[in-house]
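Colleague: fold the following, please.
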Amino acid sequence: MGTLLKYLLYALIIVIIYLLGVGFYEGTFNKDSTVGEVTSDVTAQTKQMIKDGYDKTKDAVTDEFSDNDSKTSETGGFIAK
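Modeller: Numbers count the residues shown, from 1 in each chain. Prediction:
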């Protein structure tokens, strides 16, 4: 369990560094930005990335199940491969 938490923390740190880099590259953050502005922007972008990933995963699973249902009905209950 400790290893899983360690890797989740590493992933979170990588995402934060990525979002900070994108913010500086795009000019969203500059030398006049406050810590609060940067934090709120990174938080919003992180939530959006998680939501996008969740939606894409949900769509992929839904598509896979709908594909399997059509294959099952075509083959009389067996999934053709």
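Colleague: and the top helix by length along the chain, how far out from the chain middle?
Modeller: Longest helix of the chain, by residue count under DSSP state H: helix 35-74. A distance of 7 Å separates the centroid of the chain from that of helix 35-74, by C-alpha atoms, centre = their mean, to the nearest Å.
Colleague: try stretch 23-34
Modeller: For stretch 23-34, the distance to the chain centre is 23 Å (C-alpha atoms, centre = their mean).
Colleague: how about that stretch: buried residues?
Modeller: 23, 28-29 (16 or more other C-beta atoms under 10 Å). Quick note: C-beta positions are derived from backbone N, CA and C, even for glycine.
Colleague: now swap in stretch 12-19 and tell me
Modeller: Neighbour-count burial for stretch 12-19 [16+ other C-beta under 10 Å]: L19.
Colleague: which strands or helices does the longest helix of the chain pack on?
Modeller: The contact analysis (3 or more C-beta pairs under 8 Å, 6 or more residues apart in numbering; DSSP states H and E) places helix 35-74 against helix 2-26.
Colleague: identify the residues contacting the helix it packs on?
Modeller: 28-30, 38, 41-42, 45-46, 49 (C-beta atoms under 8 Å, 6 or more residues apart in numbering).
Colleague: give the contact list for Q45.
Modeller: Each residue near Q45 by C-beta under 8 Å, 6+ apart is listed here: 19, 22-23.
Colleague: ok, so of these, who is nearest F65?
Modeller: Closest approach to F65 among the contacts of Q45 (C-beta to C-beta): L19, at 32.8 Å.
Colleague: do you know how far the closest one is from D52?
Modeller: Noted for L19: a distance of 13 Å to D52, by C-beta to C-beta, to the nearest Å.
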